[in-house]
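J.: my questions concern the predicted model and sequence given below.
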Amino acid sequence: MNFKDLIALYEKKKVICGAETYKHISELLTEAKEIHKKDWLKNPTPNGDHEQSWRAFKGKNLEKLIAYILKDEVETLGLKIINGATLDRTKAENLS
């Protein structure tokens, strides 16, 4: 399971739920967790803890998923989305 797989799950659910797919993120993450566990069992990490691996995956990719969901709507307003890490590394004088 990687971020592209998570997006594919979201897009599949979007076909079913339409514009209100964002309301089903918990269900999406539950599905993703099962897939992540199957993948993890094929190639477990040295510490042997799937839950820790899942928390790292979810933490890293939830912000990306939310940005992906919001991107089109925000861009129709003439704005852009940037992630927090990029913003933290940007000098204040370079911000408009």
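T.: Yep, it's here. All values derive from a computational prediction rather than experimental measurement.

J.: quick one, helices of the protein?
T.: Taking DSSP state H as the test, the helices found in the chain are 3-17, 25-42, 50-76, 84-89.

J.: packing partners for the third one?
T.: The helices and strands touching helix 50-76, judged by 3 or more Cβ pairs under 8 Å, 6 or more residues apart in numbering; DSSP states H and E, are helix 3-17, helix 25-42. For the C-beta atoms, the positions are set from N, CA and C on the backbone; glycine is no exception.

J.: so it versus helix 25-42, what angle?
T.: Angle of helix 50-76 versus helix 25-42, following axes from the mean of the first three to the mean of the last three Cα atoms, to 10 degrees, is 140 degrees.

J.: circling back: how about the helices of the chain in TSV, adding mean neighbour count?
T.: Supplementary listing: the helices of the chain in TSV, determined by neighbours: other Cβ atoms under 10 Å:
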stretch	mean neighbour count
helix 3-17	14
helix 25-42	14
helix 50-76	13
helix 84-89	8
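
J.: mind putting those in a markdown table, mean pLDDT included?
T.: Formatted as a markdown table, the helices of the chain follow (pLDDT from 0 to 100):
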| stretch | mean pLDDT |
| --- | --- |
| helix 3-17 | 95 |
| helix 25-42 | 93 |
| helix 50-76 | 91 |
| helix 84-89 | 73 |
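
J.: sorry, back to before: closest to K80 out of the helices and strands packed on helix 50-76?
T.: helix 3-17 (18.9 Å; Cβ to Cβ).

J.: elements contacting that closest one?
T.: Using 3+ Cβ pairs under 8 Å, 6+ apart: helix 3-17 touches helix 25-42, helix 50-76.

J.: of these, give the one that comes closest to R89.
T.: Among these, the nearest to R89 by Cβ to Cβ is helix 50-76 (15.5 Å).

J.: tell me the spacing between the most centrally placed residue in the chain and N47.
T.: Among the residues of the chain, the one closest to the centroid is L65, at 2.9 Å (Cα atoms, centre = their mean). The gap separating L65 from N47 is 25 Å, by Cβ to Cβ, to the nearest Å.

J.: before we move on, back to that, what's the closest of the helices and strands packed on helix 50-76 to E93?
T.: With respect to E93, and counting by Cβ to Cβ, the nearest of those is helix 3-17 at 32.3 Å.
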